[in-house]
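In: take this sequence and fold it.
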Amino acid sequence: MKEILMTKGAGKLIETCARVKPEENVLIVTDFKRVKIAQVLATAAYERGAEVMIAIMTPRKGHGQEPPVPIAEAMKKADVIFTPVSYSITHTESMKRALESGARSLVMTEFIEDQLITGGIEADFDELKVICKNIADAFERSKNVLLTTPRGTHLSMQKEGRPGNAMYCIVEPGQLSPVPNVEANFSPIEETAEGKIVADASIPYIDIGVLTEPVVATVKRGMITDIQGGDQAKTLADDLKTRNDPKVYNVAELGVGLNPKSIMQGVQLEDEGVFGTVHIGIGTNITLGGTIKAAIHYDLIMWEPTIKLDGRIVLEKGSLRI
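Out: Sure thing, here's the model as predicted:
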């Protein structure tokens, strides 16, 4: 009976976030673990007159693995794509090509059924759009960025010429947005990030979740060179090592969470959107404006961040200043 409660959130994704029109081709890419979510989305899209397709695949072996070729081809022909999947296909060549073909995509990696009922899905996305775009525009205009936190993060980076991305759960052709995560982000120029990352909120990947102690990463020339901390830090370091891909250490993204309804709970697309947090993404950045395709894309989230853009404070200990 939980599906009844899920229909309200599904309807919001179809009507407000994707703005699905009658007869549009809606493709829902899922895997064996999240079929129920796909079915509720399909019902909501069908009720609004869309041509609905559910593509079910074997769960990927990790974040960033390409979907099967037939699904990748279908993505290029779709008007709207939903991805309730266990492992992310967001930062893939398949998604990049689908967006280039004009698809509107709502990302739902590791989405759980309760996320269609409560939490970030309850936010007013039209209202948050204004705030999100303002911050993305500030990123767009900046050249030098400095991120600090009370726990010891001190990371400088350059971004001149890179886009500022506004992801507020409403998509136009050629755009993607995670839901219900609301964030403004950018991808720094490769090899320019320098300093230290101290994640103290969450790393919602590979069963790490909400952090019980800080994970400290040293960054030199845009790459993580060392990871220190307790068991959770070791889990991250060990996982990255098994990837046998030096690009997984790339500092790929700085993103600001902007959803006041999201709650830090160890769920990827809730944690990353918690209002006033910042996350540093590592690994792939090709869908954010960068040039790196790595084996993974993980986000390291921290509390009370301060961001300076060309010396101007735009976020101070988690509070917006623009």
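In: just say helix, strand or coil for the closest residue to Ser86 other than its chain neighbours.
Out: Closest residue to Ser86 apart from its sequence neighbours, by C-beta to C-beta, 6 or more residues apart in numbering: Pro59 at 4.6 Å. Yep, even glycine has a C-beta here, placed from its N, CA and C like the rest. With DSSP: H, G, I helix; E, B strand; the rest coil as the basis, Pro59 sits in coil.
In: please apply the same query to Asp238.
Out: helix.
In: hmm, the residue nearest to Ser86 is touching Val35, no?
Out: No: the pair formed by Pro59 and Val35 falls short of the contact definition of C-beta atoms under 8 Å, at 11.3 Å.
In: distance-wise, check the residue nearest to Ser86 relative to Glu110.
Out: Distance check for Pro59 against Glu110: by C-beta to C-beta, to the nearest Å, it reads 11 Å.
In: these two: who's more crowded?
Out: Neighbour tally, Pro59 and Glu110, criterion other C-beta atoms under 10 Å: the higher count belongs to Glu110, 20 against 14.
In: need the longest helix for the protein.
Out: In the chain, ranked by residue count with DSSP state H as the criterion, the top helix is helix 125-141.
In: if I look at Glu194, how far off is Thr284?
Out: Using C-beta to C-beta, which is the criterion applied here, Glu194 is 21 Å from Thr284.
In: who has more neighbours out of the two?
Out: In this comparison of Glu194 against Thr284, neighbours counted by other C-beta under 10 Å, the higher total goes to Thr284 at 27 against 16.
In: list the contacts for the more buried one?
Out: Counting by C-beta atoms under 8 Å, 6 or more residues apart in numbering, Thr284 makes contact with Gly64, His91, Lys247, Asn250, Ala252, Ile292, Lys293, Ala294, Ile296, His297.
In: equivalent analysis for Ile121, please.
Out: Listed by C-beta under 8 Å, 6+ apart, the contact partners of Ile121 are Gly9, Lys12, Leu13, Gln115, Val179, Pro180, Lys261.
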